[in-house]
Structures are given as structure tokens and as C-alpha cells.
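*Asks:* please find the sequence and the predicted model below.
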Amino acid sequence: MPRLRDVCRNVRSKVAGPFWITVDAFFDGAESYRAHHAKLQPAALAPLLQTEAAMIEVYPVEPLCMVKISYPRAAPQGGMVERDMHSGQQYVRLLDLELD
């Protein structure tokens with residue numbers, strides 16, 4: 001069963017304001033995008049992102065063969081318990097997501 005890391009050429013995360021994080025998943029090509037992008041649904045992502053499915057927004061961008069996933073931060077950016085100020089490491093949670 002392929003994982004997200006197997007079908008994407010690049011997966012990255014970044015800050016999307018003080019209260020949101022965005023993950024971009026760039027698929028290997030159009031065929032890979034068509035086969036797997038629909039499986040990136042909030043219900044499947046919620047346990048990995050440790051948030052409610054209703055709070056996750058998924059935006060497919062077909063011309064770029066990528067999917068943008070936005071979700072709320074657990075704590076505001078720059079707060080006392082902040083561990084990743086720029087959210088550059090948050091994508092790692094999704095790499096082993098199985099795309100059945």
C-alpha cells in the first residue's frame with residue numbers, strides 16, 4: 001500500500017498565520033495525483049494532525065498536481081509552548097499516511 005512519501009516528490013509545511021499551519025503535498029505527476037489526491041480527506045488526516053476533522057481544510061490544485069491542507073495550530077505561533085515557530089517540521093506526521 002503506497003504511503004504519501006511514496007507518491008509525492010515534495011511535502012512541506014509552513015506557517016499560515018499565527019493560528020494556522022499549511023501542508024503542501026506535491027505529487028509525482030498527474031497520474032499519481034489523480035490516483036491518490038482524493039484520499040487526503042479531513043477524517044483521515046485528523047488523527048495525525050491532532051485536531052478535529054471539521055477544522056481541516058483540503059484544497060486540491062490540479063494544475064500543479066498538489067494538495068494544500070490547512071489546519072489550526074495547537075497553540076498560537078510564538079507562544080510559550082511553541083516548539084516549531086515556522087511550522088517547517090509539521091509535515092513529517094503525514095509522510096507515513098497510507099493511501100489505500
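*Replies:* All right, it came through fine. The shown structure was predicted, so the numbers you read here are calculated from the model rather than taken from an experiment.
*Asks:* only C-alpha atoms from now on, for both contacts and neighbour counts.
*Replies:* Will do.
*Asks:* residues in contact with the helix or strand containing Glu31: which ones?
*Replies:* Using DSSP states H and E, Glu31 sits in helix 30-36. Residues outside helix 30-36 that contact it (CA atoms under 8 Å, 6 or more residues apart in numbering) are 7, 27, 62, 65-66, 99.
*Asks:* mind running it again at 7 Å?
*Replies:* For helix 30-36, the surrounding residues in contact (CA atoms under 7 Å, 6 or more residues apart in numbering) are 7, 27, 65-66, 99.
*Asks:* save the residues you listed as CSV, and put in neighbour count, distance to Glu82 and pLDDT too.
*Replies:* What follows is the contacts of helix 30-36, written out as CSV (neighbours: other CA atoms under 10 Å; distance: CA to CA, whole Å; pLDDT from 0 to 100):
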residue, neighbour count, distance to Glu82, pLDDT
Val7, 21, 31, 97
Phe27, 25, 30, 98
Cys65, 19, 32, 98
Met66, 24, 28, 98
Leu99, 17, 30, 93
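*Asks:* for the residue most central in space within the chain, which three-state class applies?
*Replies:* Residue closest to the mean C-alpha point of the chain, counted by CA atoms, centre = their mean, is Val23 at 3.7 Å. Here Val23 is strand, with the state taken from DSSP: H, G, I helix; E, B strand; the rest coil.
*Asks:* next up, the contacts around it.
*Replies:* 12-14, 68-70, 91.
*Asks:* likewise for Pro42?
*Replies:* So, once contact is read as CA under 7 Å, 6+ apart, Pro42 ends up touching 53, 56.
*Asks:* quick one: the helices in the chain, in order.
*Replies:* In the chain, the helices defined using DSSP state H lie at 4-7, 30-36, 42-49.
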